[in-house]
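1. quick one: sequence plus predicted model below, questions after.
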Amino acid sequence: MKLWETFREASQYKDALTGRKVTILTTKGAINQTPTYHTNSGFTFDGEHLVLISIREGATWVIRADTDDGALTPIWRAPGIGDRSYIHRCMGLKGTIEGKSVDGRGVAGNRLTVAPHSGLAIFTCERSLIATNIYTGQERTLIHDVGNEWIFGAPCVSPDERWVAIALSSAHPQFASHREITHDYRDFSSHRLKIVRIPIEGGPMQVLFDQMPAQSAHCSFCPLDGDVLYFDLDLPPGYWGGSDNQTPRIWLINTNSRRPHPLKEKYPGPFQTHQAWLWDKPAMAYHGPLPSGGTYIGITDITGKTLWEQSYPLAKNYGHLTPDVKRPALVLDGDFSQDMLQFLYYDTGSNEPHLEPICRHGTEWGTLPGQYSHPHPLTDPTGRLISFTRAVDQRSEVCLVEI
């Protein structure tokens, strides 16, 4: 495989449940992965391209996928396999892939985002934050070396595409000092968190938030208000696995005043697992576990007003959510089902879930390390497609379903 040499390997089928056309974009490669479920993170504004990573031929490739004909164009090559964040969290990505040792010199799909209008793929590799134009290959380095003491979260782009924001968390102490990791990251309580932003056109890094002890993997600009940035606030002892079991996880910060505050103070459960911005209003969708079992799902605007929230004791599966563009619905890859993508409509007054199947994703949860088996559904900005990742037979593939 060569950079900028387009190829095709896609296959298609009709989903047996709904009849919708599903395209498997990446039928080869050991691991293929898109960005996460966050709004406006993977597709270009017209939905014509999706950016993903692929581990094959002993390296990691950043690839531009054409959503109409399945063409794949490698635009950047990382020298190794596996992201530093997975290694420092002991998330299981060890040993070899395709005969090459996992070395932390690769790119993870969930450390990648795309600026939908300018076509910049922005991602972390080793200790650098890099931006590459998916059409021209023009490249710039936004952070040259964050230092061995820091781990990158997932980057995000402001709606005017002037800024990139990213979370920096203290690296595992043993990992940072080049020692063998013998204790879980969460065994240590002295981790520090910074939320920073960097001008895309170049300039110094600005610190928006700085707290210790804390850590975070995700932040995201509100698509309709570029002065508002969301971030996860993960506190000891659980960090991303439960925080302190009382402080709200979803926080907002105004990038001008730099004053942080929780999206809201109280939820049906103490921890919010995943969250994403709505497309059509400055509000966030979220879900989390109920203390008695099951899941709560809701939507709250940036003033703290809850627009909709329901508890579902029978929704006991792990999963993610992302808002749909055209429907008053959330796209779920879990919660109510382990193997389907579903719409959950929130425009109903009923306490019973209004669900509509999209297609079967069929991922084999947990068969690959870290989050490589997680579907992480993404809707494209036109409302025509949903992308998802699935693990089958010890490899992962990126798929598109037409909706």
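-> Perfect, thanks for sending it.

2. use CA for all of it now, contacts and neighbours both
-> OK.

3. for stretch 8-18, buried residues please.
-> Ala10 (16 or more other C-alpha atoms under 10 Å).

4. contacting residues around that stretch?
-> For stretch 8-18, the surrounding residues in contact (C-alpha atoms under 8 Å, 6 or more residues apart in numbering) are 20-28, 70-72, 357-360.

5. where in the chain is pLDDT low?
-> 91-100 (pLDDT under 70).

6. how does it look with 90?
-> Applying pLDDT under 90 to the chain picks out residues 81-104, 173-190, 202-203, 348-351, 367-372.

7. please enumerate the helices of it.
-> For the chain, helices defined by DSSP state H occupy the ranges 84-88, 173-176.

8. name the helices or strands packed onto the first one?
-> Going back to what we said before, that points to helix 84-88. strand 150-152 (3 or more C-alpha pairs under 8 Å, 6 or more residues apart in numbering; DSSP states H and E).

9. how far out from the middle of the chain is the strand it packs on?
-> 16 Å (C-alpha atoms, centre = their mean, to the nearest Å).

10. which helices and strands does it pack with?
-> helix 84-88, strand 163-170.

11. burial measure for Gln138, as a count.
-> 11 (other C-alpha atoms under 10 Å).

12. what's near enough to touch it?
-> Thr132.

13. how about Ser128?
-> So Ser128 contacts 141-146 (C-alpha under 8 Å, 6+ apart).

14. for beta bridges, what are the partners of it?
-> Following DSSP bridges, Ser128 is listed with bridge partners Cys125.

15. where do the strands sit along the stretch 1-150 of the chain?
-> For the stretch 1-150 of the chain, applying DSSP state E, counting those that start in this stretch gives strands covering 11-14, 21-24, 31-33, 49-56, 59-66, 72-78, 96-97, 100-101, 112-115, 120-125, 128-133, 139-143, 150-152.

16. of all the contacts of stretch 8-18, which comes closest to Ala276?
-> Ranked by distance to Ala276 (C-alpha to C-alpha), these are led by Ile358 at 19.3 Å.

17. pull stretch 196-209 out as PDB, backbone CA atoms only.
-> Provided in PDB are the C-alpha atoms of stretch 196-209 (Å, rounded to 0.1, in the frame of the first residue of the first chain):
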ATOM      1  CA  VAL A 196      -5.900  23.200  26.100                       C
ATOM      2  CA  ARG A 197      -6.600  24.800  22.800                       C
ATOM      3  CA  ILE A 198      -4.300  25.500  19.900                       C
ATOM      4  CA  PRO A 199      -4.800  27.800  16.900                       C
ATOM      5  CA  ILE A 200      -5.000  25.700  13.700                       C
ATOM      6  CA  GLU A 201      -3.100  28.300  11.800                       C
ATOM      7  CA  GLY A 202      -0.300  28.200  14.300                       C
ATOM      8  CA  GLY A 203       0.300  29.900  17.700                       C
ATOM      9  CA  PRO A 204       0.900  29.100  21.300                       C
ATOM     10  CA  MET A 205      -1.100  26.600  23.300                       C
ATOM     11  CA  GLN A 206      -3.700  28.100  25.700                       C
ATOM     12  CA  VAL A 207      -4.600  26.400  28.900                       C
ATOM     13  CA  LEU A 208      -8.400  26.600  29.500                       C
ATOM     14  CA  PHE A 209      -8.600  24.300  32.600                       C
END
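
18. for stretch 323-342, buried residues please.
-> 323-325, 329-342.

19. same deal with stretch 281-292?
-> Buried, per 16+ other C-alpha under 10 Å, within stretch 281-292: 282-290.

20. tell me how far stretch 386-403 lies from the chain's centre.
-> How far stretch 386-403 lies from its chain's middle: 15 Å, per C-alpha atoms, centre = their mean.

21. between the two ends of it, what distance do you get?
-> 7 Å (C-alpha to C-alpha, to the nearest Å).

22. what do you get for stretch 197-217?
-> This stretch, stretch 197-217, spans 14 Å end to end (C-alpha to C-alpha).

23. identify the residues contacting that stretch?
-> 142, 152-154, 161-170, 189-196, 231-236, 239-240, 253, 255, 258, 260.

24. these, buried ones only, as a ChimeraX selection?
-> In ChimeraX, this line selects whichever of those come out buried by 16+ other C-alpha under 10 Å:
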select :142,152,153,154,161,163,164,165,166,167,168,169,170,191,192,193,194,195,196,231,232,233,234,235,236,239,240,253,255,260
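
25. for Cys125, which of the helices and strands packed on strand 150-152 is the nearest?
-> helix 84-88 (8.2 Å).

26. for the stretch 301-403 of the chain, which segments count as strands?
-> Listed in chain order, the strands of the stretch 301-403 of the chain (DSSP E, counting those that start in this stretch) span 306-312, 321-323, 329-332, 340-345, 354-360, 378-379, 385-392, 395-402.

27. for Gln174, which of these is the nearest?
-> strand 395-402 (29.9 Å).

28. burial measure for Cys125, as a count.
-> 21.

29. buried ones in stretch 136-145, by neighbour count?
-> 140-143.

30. wait, I meant stretch 178-192
-> For stretch 178-192, the neighbour count (16+ other C-alpha under 10 Å) marks 181, 185-186, 191-192 as buried.

31. do the same with stretch 387-396
-> 387-391, 395-396.

32. what distance do you get for the residue lying closest to Ile63 once chain neighbours are set aside to Gly104?
-> In space, and not counting its chain neighbours, Ile63 is closest to Pro74: 4.3 Å by C-alpha to C-alpha, 6 or more residues apart in numbering. Here Pro74 is placed at a distance of 20 Å from Gly104 (C-alpha to C-alpha).

33. same list as before, the strands of the stretch 301-403 of the chain that is, but in TSV and with distance to Trp61 included.
-> Output for the strands of the stretch 301-403 of the chain, formatted as TSV (distance: least, C-alpha to C-alpha, whole Å):
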stretch	distance to Trp61
strand 306-312	40
strand 321-323	26
strand 329-332	28
strand 340-345	27
strand 354-360	27
strand 378-379	20
strand 385-392	16
strand 395-402	14
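
34. alright, that wraps it up for me.
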